[in-house]
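Undergrad: I would like the atomic coordinates for the input below:
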Amino acid sequence: MAATNEQRMAQVATVLGELKRLHGELGFVVQQKLDAMRKADTDAIHAATAREEFLAQRIREQEGLRRQILQLIGEANGLPAARARAMTIRELAELAAEPLRSRLLAAGAALRETVVETAERNRVAAIVSQEMLKHFRQVYQVMARTNGVQGVYSWTGRAETRPGMAVFEAVG
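TA: The predicted model follows:
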């Protein structure tokens, strides 16, 4: 037995709830990553990054499911597949009766709010990461300078006097 449009719309509302949950968890993980960055805890940064990748994959899956359901609803209402897959929640809610209409609009608003919060945390994390990379580049540039220092040890264990020797060559 095929699902009705109302059942499919209820499925969309459920998917929106799951997307809100996933985006909320993603926001929490981004905050954990920011905290780990402040503490320079590389293990925690790697763990947060792995969790982010997992959550991003789950979000992509749920988005795909949402689009598939929207396509089925759209086809039942005479819309082309591409147009149906791109329907907004507001457009979908216009096709629904109460209380499903209110449920869809509330789920869409809650998801939008969570996505905005998560996007802001991601923006901050990106800025922090860029600043860290600039700092590391500066540190490496300083370490690579020789400033004409003569007589540092090379990888052979002997003092070398050649110009342009890098710090890494001097300390092995």
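Undergrad: for the rest of this, base every contact and every neighbour count on C-alpha atoms.
TA: Will do.
Undergrad: how about Ser129, secondary structure?
TA: Following DSSP: H, G, I helix; E, B strand; the rest coil, the label given to Ser129 is helix.
Undergrad: and the gap between it and Ile45?
TA: 11 Å (Cα to Cα, to the nearest Å).
Undergrad: which one's more surrounded, the two?
TA: Higher neighbour count among Ser129 and Ile45: Ile45, with 20 against 14, using other Cα atoms under 10 Å.
Undergrad: quick check, that one in contact with Lys39.
TA: No - when contacts are counted by Cα atoms under 8 Å, Ile45 is not listed as touching Lys39 (9.7 Å).
Undergrad: and for these two, which residues touch both?
TA: Shared contacts of Ile45 and Lys39 (Cα atoms under 8 Å, 6 or more residues apart in numbering): none.
Undergrad: for Glu75, give me its contacts.
TA: Ala81, Ala84.
Undergrad: pretty sure it sits in a helix.
TA: Yes - Glu75 forms part of a helix when assessed by three-state DSSP.
Undergrad: Glu53 versus that one, what's the distance?
TA: From Glu75 to Glu53 the distance is 33 Å (Cα to Cα).
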